[in-house]
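> What follows is a predicted protein model with its sequence.
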Amino acid sequence: MARKVRYYYDEESCTFQEEKTTPKSIIRYTASLFSLAALLAFTGLAIYFFAYDDPKNALLKSENQELVNRIKEFNQQFSSLEDRVDSLQMNDKYYRSILGIEAISEGIWNGGTGGTANNIYSPNMPQELITAEKTIDQVNEKVLMQTSSYTILVDLLNSKEDELRHTPAIRPVPGRIISGFGMRMHPILKYRKPHTGLDMQANKGTPVRASADGIVKFAGRSRGGYGIQVHINHGAFGYESKYAHLKAVNVKEGHKVKRGDIIGWSGNTGLSKGPHLHYEIVHNNKKINPIDYFYGDLSPEEYVKAREEAKVDNASMD
(Lines give C-alpha, C1' and ligand atoms only; values in the text may rest on other atoms or scores of the structure.)
Protein backbone atom coordinates (compact mmCIF):
# COMPACT_ATOMS: atom_id res chain seq x y z
CA MET A 1 0.00 0.00 0.00
CA ALA A 2 1.39 3.38 -1.01
CA ARG A 3 2.45 5.79 1.74
CA LYS A 4 0.13 8.72 2.19
CA VAL A 5 1.98 11.88 1.16
CA ARG A 6 1.39 15.07 3.14
CA TYR A 7 2.19 18.56 1.85
CA TYR A 8 2.72 21.89 3.53
CA TYR A 9 2.89 25.46 2.14
CA ASP A 10 6.39 26.95 2.09
CA GLU A 11 6.13 30.69 2.55
CA GLU A 12 9.69 31.38 1.30
CA SER A 13 9.23 29.65 -2.04
CA CYS A 14 5.48 30.21 -2.16
CA THR A 15 5.01 26.58 -3.19
CA PHE A 16 3.64 23.40 -1.65
CA GLN A 17 6.42 21.10 -0.55
CA GLU A 18 6.25 17.45 0.39
CA GLU A 19 6.27 17.05 4.17
CA LYS A 20 9.19 15.06 5.36
CA THR A 21 8.60 12.81 8.36
CA THR A 22 11.01 13.95 11.02
CA PRO A 23 11.05 13.61 14.82
CA LYS A 24 10.17 17.30 15.08
CA SER A 25 7.17 16.94 12.82
CA ILE A 26 6.03 13.88 14.74
CA ILE A 27 6.29 15.77 18.05
CA ARG A 28 4.44 18.77 16.61
CA TYR A 29 1.68 16.54 15.24
CA THR A 30 1.37 14.59 18.49
CA ALA A 31 1.21 17.85 20.51
CA SER A 32 -1.60 19.14 18.31
CA LEU A 33 -3.52 15.91 18.86
CA PHE A 34 -3.06 16.18 22.64
CA SER A 35 -4.21 19.82 22.56
CA LEU A 36 -7.31 18.86 20.65
CA ALA A 37 -8.00 15.98 23.01
CA ALA A 38 -7.54 18.24 26.04
CA LEU A 39 -9.89 20.82 24.55
CA LEU A 40 -12.52 18.17 23.91
CA ALA A 41 -12.12 16.74 27.43
CA PHE A 42 -12.43 20.18 29.03
CA THR A 43 -15.51 20.93 26.96
CA GLY A 44 -17.05 17.59 27.98
CA LEU A 45 -16.36 18.17 31.67
CA ALA A 46 -17.79 21.69 31.49
CA ILE A 47 -20.97 20.38 29.89
CA TYR A 48 -21.20 17.63 32.54
CA PHE A 49 -20.76 19.95 35.53
CA PHE A 50 -23.12 22.61 34.23
CA ALA A 51 -25.79 20.24 32.95
CA TYR A 52 -25.60 17.52 35.60
CA ASP A 53 -24.99 17.36 39.38
CA ASP A 54 -22.00 15.52 40.59
CA PRO A 55 -22.87 12.65 43.01
CA LYS A 56 -22.09 14.78 46.09
CA ASN A 57 -24.32 17.68 45.00
CA ALA A 58 -27.06 15.29 43.94
CA LEU A 59 -26.94 13.68 47.39
CA LEU A 60 -27.11 17.09 49.10
CA LYS A 61 -30.09 18.12 46.96
CA SER A 62 -31.89 14.89 47.81
CA GLU A 63 -31.21 15.36 51.52
CA ASN A 64 -32.39 18.99 51.37
CA GLN A 65 -35.63 17.97 49.70
CA GLU A 66 -36.17 15.33 52.37
CA LEU A 67 -35.60 17.94 55.08
CA VAL A 68 -38.10 20.30 53.42
CA ASN A 69 -40.70 17.51 53.35
CA ARG A 70 -40.04 16.69 57.01
CA ILE A 71 -40.39 20.35 57.98
CA LYS A 72 -43.76 20.46 56.20
CA GLU A 73 -44.86 17.41 58.19
CA PHE A 74 -43.69 19.06 61.42
CA ASN A 75 -45.63 22.22 60.53
CA GLN A 76 -48.79 20.15 60.24
CA GLN A 77 -48.10 18.50 63.61
CA PHE A 78 -47.39 21.89 65.20
CA SER A 79 -50.70 23.25 63.87
CA SER A 80 -52.53 20.26 65.35
CA LEU A 81 -50.74 20.83 68.67
CA GLU A 82 -51.72 24.50 68.59
CA ASP A 83 -55.37 23.50 68.10
CA ARG A 84 -55.16 21.31 71.20
CA VAL A 85 -53.64 24.12 73.22
CA ASP A 86 -56.43 26.43 72.03
CA SER A 87 -59.00 23.89 73.26
CA LEU A 88 -57.33 24.00 76.68
CA GLN A 89 -57.77 27.76 76.61
CA MET A 90 -61.53 27.30 76.07
CA ASN A 91 -61.64 25.22 79.26
CA ASP A 92 -59.54 27.88 80.95
CA LYS A 93 -62.19 30.50 80.07
CA TYR A 94 -64.89 28.27 81.48
CA TYR A 95 -63.08 27.71 84.79
CA ARG A 96 -62.24 31.39 85.09
CA SER A 97 -65.91 32.30 84.67
CA ILE A 98 -66.78 29.84 87.45
CA LEU A 99 -64.19 31.37 89.78
CA GLY A 100 -65.18 34.92 88.83
CA ILE A 101 -61.88 36.08 87.30
CA GLU A 102 -61.25 37.76 83.96
CA ALA A 103 -60.40 35.55 81.00
CA ILE A 104 -57.16 35.90 79.03
CA SER A 105 -57.94 38.32 76.19
CA GLU A 106 -57.94 37.03 72.62
CA GLY A 107 -55.30 39.59 71.67
CA ILE A 108 -52.84 38.39 74.30
CA TRP A 109 -53.63 34.72 73.65
CA ASN A 110 -53.17 34.91 69.88
CA GLY A 111 -50.41 37.52 69.84
CA GLY A 112 -48.58 36.84 73.07
CA THR A 113 -46.27 39.22 74.87
CA GLY A 114 -43.07 37.82 73.37
CA GLY A 115 -42.39 34.90 71.07
CA THR A 116 -42.42 35.63 67.37
CA ALA A 117 -42.86 39.38 67.84
CA ASN A 118 -39.32 39.60 69.24
CA ASN A 119 -37.61 37.08 66.96
CA ILE A 120 -35.64 38.07 63.86
CA TYR A 121 -35.35 35.37 61.22
CA SER A 122 -32.45 35.17 58.77
CA PRO A 123 -33.43 36.27 55.25
CA ASN A 124 -31.49 33.27 53.92
CA MET A 125 -33.50 30.80 56.01
CA PRO A 126 -35.91 28.60 53.98
CA GLN A 127 -39.53 29.73 54.27
CA GLU A 128 -40.63 26.31 55.53
CA LEU A 129 -38.17 26.57 58.41
CA ILE A 130 -39.28 30.12 59.24
CA THR A 131 -42.92 28.95 59.37
CA ALA A 132 -41.96 26.04 61.62
CA GLU A 133 -40.03 28.26 64.03
CA LYS A 134 -42.87 30.80 64.18
CA THR A 135 -45.37 28.07 64.98
CA ILE A 136 -43.08 26.63 67.66
CA ASP A 137 -42.73 30.08 69.22
CA GLN A 138 -46.50 30.64 69.19
CA VAL A 139 -47.27 27.26 70.73
CA ASN A 140 -44.51 27.69 73.32
CA GLU A 141 -45.88 31.14 74.26
CA LYS A 142 -49.40 29.76 74.63
CA VAL A 143 -48.21 26.80 76.71
CA LEU A 144 -46.35 29.16 79.06
CA MET A 145 -49.45 31.37 79.41
CA GLN A 146 -51.71 28.37 79.98
CA THR A 147 -49.35 26.89 82.57
CA SER A 148 -49.28 30.19 84.43
CA SER A 149 -53.07 30.47 84.20
CA TYR A 150 -53.65 26.97 85.56
CA THR A 151 -51.33 27.73 88.46
CA ILE A 152 -53.45 30.78 89.27
CA LEU A 153 -56.66 28.77 88.96
CA VAL A 154 -55.40 25.97 91.22
CA ASP A 155 -54.26 28.47 93.87
CA LEU A 156 -57.60 30.27 93.71
CA LEU A 157 -59.50 27.01 93.79
CA ASN A 158 -57.63 25.92 96.92
CA SER A 159 -58.38 29.24 98.61
CA LYS A 160 -62.07 28.95 97.67
CA GLU A 161 -62.46 25.25 98.40
CA ASP A 162 -64.77 25.75 101.39
CA GLU A 163 -66.88 28.31 99.55
CA LEU A 164 -67.19 26.08 96.48
CA ARG A 165 -68.33 23.12 98.60
CA HIS A 166 -71.16 25.30 99.94
CA THR A 167 -72.14 26.81 96.57
CA PRO A 168 -74.82 25.02 94.49
CA ALA A 169 -73.06 23.52 91.49
CA ILE A 170 -74.89 20.44 90.19
CA ARG A 171 -78.31 19.49 88.87
CA PRO A 172 -80.47 17.92 91.59
CA VAL A 173 -81.99 15.55 88.97
CA PRO A 174 -80.56 14.54 85.57
CA GLY A 175 -83.64 15.43 83.50
CA ARG A 176 -83.86 18.26 80.99
CA ILE A 177 -85.28 21.69 81.82
CA ILE A 178 -89.01 21.90 81.12
CA SER A 179 -89.53 25.54 82.08
CA GLY A 180 -87.05 28.28 82.98
CA PHE A 181 -86.68 31.19 85.39
CA GLY A 182 -88.76 34.34 84.80
CA MET A 183 -92.30 35.27 83.82
CA ARG A 184 -94.24 32.16 82.78
CA MET A 185 -97.86 31.13 82.26
CA HIS A 186 -99.08 29.18 85.31
CA PRO A 187 -100.64 25.91 84.05
CA ILE A 188 -103.44 25.87 86.63
CA LEU A 189 -104.03 29.52 87.54
CA LYS A 190 -103.91 30.47 83.82
CA TYR A 191 -102.09 33.79 84.11
CA ARG A 192 -98.48 34.89 83.79
CA LYS A 193 -96.57 35.17 87.03
CA PRO A 194 -92.94 35.09 88.16
CA HIS A 195 -91.49 31.58 88.00
CA THR A 196 -88.77 31.73 90.65
CA GLY A 197 -86.96 28.52 89.78
CA LEU A 198 -86.54 25.81 87.20
CA ASP A 199 -88.94 22.96 86.43
CA MET A 200 -86.92 19.84 85.66
CA GLN A 201 -88.08 16.62 84.09
CA ALA A 202 -88.30 13.86 86.72
CA ASN A 203 -90.59 10.84 86.92
CA LYS A 204 -92.10 9.97 90.29
CA GLY A 205 -89.50 8.41 92.56
CA THR A 206 -86.46 9.95 90.85
CA PRO A 207 -83.72 10.53 93.50
CA VAL A 208 -83.24 14.24 94.27
CA ARG A 209 -79.71 15.22 95.34
CA ALA A 210 -78.37 18.16 97.34
CA SER A 211 -76.58 20.61 95.04
CA ALA A 212 -74.04 21.66 97.73
CA ASP A 213 -72.96 21.00 101.32
CA GLY A 214 -75.21 22.46 104.00
CA ILE A 215 -77.73 21.94 106.78
CA VAL A 216 -81.40 21.06 106.23
CA LYS A 217 -83.50 24.06 107.17
CA PHE A 218 -86.90 22.52 106.39
CA ALA A 219 -88.16 19.10 105.25
CA GLY A 220 -91.83 18.23 104.86
CA ARG A 221 -95.11 19.51 103.46
CA SER A 222 -95.62 23.27 103.29
CA ARG A 223 -98.88 25.22 103.30
CA GLY A 224 -98.14 26.81 99.92
CA GLY A 225 -98.46 25.25 96.50
CA TYR A 226 -95.07 23.55 96.54
CA GLY A 227 -96.26 20.44 98.38
CA ILE A 228 -93.55 18.33 100.02
CA GLN A 229 -90.22 20.12 99.87
CA VAL A 230 -86.71 20.43 101.31
CA HIS A 231 -84.84 23.69 102.08
CA ILE A 232 -81.07 23.58 102.63
CA ASN A 233 -79.00 26.38 104.16
CA HIS A 234 -75.53 26.31 102.62
CA GLY A 235 -73.77 28.34 105.31
CA ALA A 236 -71.89 31.61 105.60
CA PHE A 237 -71.72 32.27 101.88
CA GLY A 238 -75.38 33.26 101.63
CA TYR A 239 -76.81 30.40 99.55
CA GLU A 240 -79.98 28.36 100.08
CA SER A 241 -81.56 25.78 97.79
CA LYS A 242 -85.15 24.56 97.62
CA TYR A 243 -86.58 21.34 96.14
CA ALA A 244 -90.37 21.17 95.71
CA HIS A 245 -93.27 18.82 94.70
CA LEU A 246 -91.48 15.82 96.20
CA LYS A 247 -93.05 12.43 96.74
CA ALA A 248 -91.12 11.92 100.00
CA VAL A 249 -88.10 13.27 101.90
CA ASN A 250 -84.97 11.45 103.06
CA VAL A 251 -83.71 14.03 105.60
CA LYS A 252 -84.86 15.89 108.67
CA GLU A 253 -84.41 19.45 109.84
CA GLY A 254 -80.89 19.98 111.20
CA HIS A 255 -79.29 17.17 109.16
CA LYS A 256 -75.90 17.91 107.60
CA VAL A 257 -75.77 16.98 103.95
CA LYS A 258 -73.01 16.77 101.37
CA ARG A 259 -73.27 17.64 97.69
CA GLY A 260 -74.77 14.65 95.91
CA ASP A 261 -76.60 13.19 98.96
CA ILE A 262 -80.14 11.95 98.27
CA ILE A 263 -82.50 14.27 100.16
CA GLY A 264 -85.79 12.95 98.74
CA TRP A 265 -87.64 11.64 95.70
CA SER A 266 -89.50 13.59 93.05
CA GLY A 267 -93.28 13.55 92.86
CA ASN A 268 -96.37 15.61 92.04
CA THR A 269 -97.47 17.10 95.38
CA GLY A 270 -98.87 20.60 95.77
CA LEU A 271 -100.14 22.82 92.97
CA SER A 272 -98.46 20.96 90.12
CA LYS A 273 -99.46 19.99 86.59
CA GLY A 274 -97.54 16.71 86.66
CA PRO A 275 -94.50 14.88 88.07
CA HIS A 276 -91.36 17.03 88.00
CA LEU A 277 -88.92 18.81 90.30
CA HIS A 278 -89.16 22.54 91.02
CA TYR A 279 -85.67 23.76 91.98
CA GLU A 280 -84.78 27.18 93.41
CA ILE A 281 -81.61 28.93 94.58
CA VAL A 282 -81.64 31.90 96.96
CA HIS A 283 -78.54 34.08 97.43
CA ASN A 284 -78.49 36.69 100.18
CA ASN A 285 -82.32 36.42 100.45
CA LYS A 286 -82.82 36.98 96.71
CA LYS A 287 -84.12 34.28 94.35
CA ILE A 288 -81.73 33.87 91.42
CA ASN A 289 -81.65 31.83 88.22
CA PRO A 290 -80.37 28.31 89.00
CA ILE A 291 -79.22 27.82 85.40
CA ASP A 292 -76.00 29.66 86.29
CA TYR A 293 -75.17 26.98 88.89
CA PHE A 294 -75.03 23.77 86.86
CA TYR A 295 -71.34 23.90 86.00
CA GLY A 296 -70.31 21.09 88.35
CA ASP A 297 -71.67 18.19 86.29
CA LEU A 298 -72.13 19.60 82.79
CA SER A 299 -69.67 19.94 79.96
CA PRO A 300 -69.51 23.37 78.28
CA GLU A 301 -71.62 22.00 75.40
CA GLU A 302 -74.25 20.55 77.77
CA TYR A 303 -74.30 23.79 79.74
CA VAL A 304 -75.02 25.82 76.58
CA LYS A 305 -77.84 23.40 75.69
CA ALA A 306 -79.35 23.70 79.18
CA ARG A 307 -79.31 27.50 78.96
CA GLU A 308 -81.14 27.33 75.62
CA GLU A 309 -83.78 25.05 77.15
CA ALA A 310 -84.28 27.49 80.03
CA LYS A 311 -84.81 30.42 77.64
CA VAL A 312 -87.94 28.95 76.05
CA ASP A 313 -90.95 31.10 77.04
CA ASN A 314 -93.48 28.34 77.77
CA ALA A 315 -95.94 27.49 80.51
CA SER A 316 -94.43 26.33 83.80
CA MET A 317 -95.39 23.09 85.55
CA ASP A 318 -96.34 24.86 88.83
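Nice, thanks for sending it over. Numbering: from 1, shown residues only.

> which stretch of helix or strand covers E309?
Assigned by DSSP states H and E, E309 belongs to helix 300-311.

> excluding its backbone neighbours, what's nearest M183?
Once flanking residues are discounted, M183 sits nearest to R192: 5.3 Å by C-beta to C-beta, 6 or more residues apart in numbering. From N, CA and C alone the C-beta is placed, and that goes for glycine too.

> For burial, what's the neighbour tally of H255?
16 (other C-beta atoms under 10 Å).

> Report the rounded mean pLDDT for the longest helix along the chain.
Longest helix in the chain, counting residues (DSSP state H): helix 55-99. The average pLDDT within helix 55-99 is 72.

> for this protein, which spans come out with low pLDDT?
Within the chain, the stretches with pLDDT under 70 are 1-59, 63, 75, 78, 111-126, 128, 317.

> Any idea which residue is closest to the centre of it?
The centroid of the chain falls nearest to S87 when counting by C-alpha atoms, centre = their mean (1.5 Å).

> For P300, see how far away that residue is.
Distance of S87 to P300, given as C-beta to C-beta, to the nearest Å: 10 Å.

> Repeat that for K142.
Distance of K142 to P300, computed by C-beta to C-beta: 19 Å.

> Go ahead and measure how far stretch 264-281 is from the middle of the chain.
Here stretch 264-281 is found 40 Å from its chain centre; the criterion is C-alpha atoms, centre = their mean, to the nearest Å.

> now do stretch 83-93
Taking the mean of its C-alpha atoms, stretch 83-93 sits 4 Å from the chain's own mean (C-alpha atoms, centre = their mean).

> Stretch 218-235 too?
Centroid displacement of stretch 218-235 relative to its chain, using C-alpha atoms, centre = their mean, is 43 Å.

> which residues touch the residue nearest to M183?
By C-beta atoms under 8 Å, 6 or more residues apart in numbering, the contact set of R192 is 183-186.

> Quick check: chain neighbours aside, which residue is closest to V282?
Ranked by C-beta to C-beta, 6+ apart and with sequence neighbours excluded, the top spatial neighbour of V282 is E240, at 4.2 Å.

> The one you found sits in which helix or strand?
strand 239-249.

> so what secondary structure elements neighbour that strand?
If contacts are counted by 3 or more C-beta pairs under 8 Å, 6 or more residues apart in numbering; DSSP states H and E, strand 239-249 sits against strand 214-221, strand 228-233, strand 262-266, strand 277-283.

> how does it look with 6 Å?
Judged by 3 or more C-beta pairs under 6 Å, 6 or more residues apart in numbering; DSSP states H and E, strand 239-249 is in contact with strand 228-233, strand 262-266, strand 277-283.
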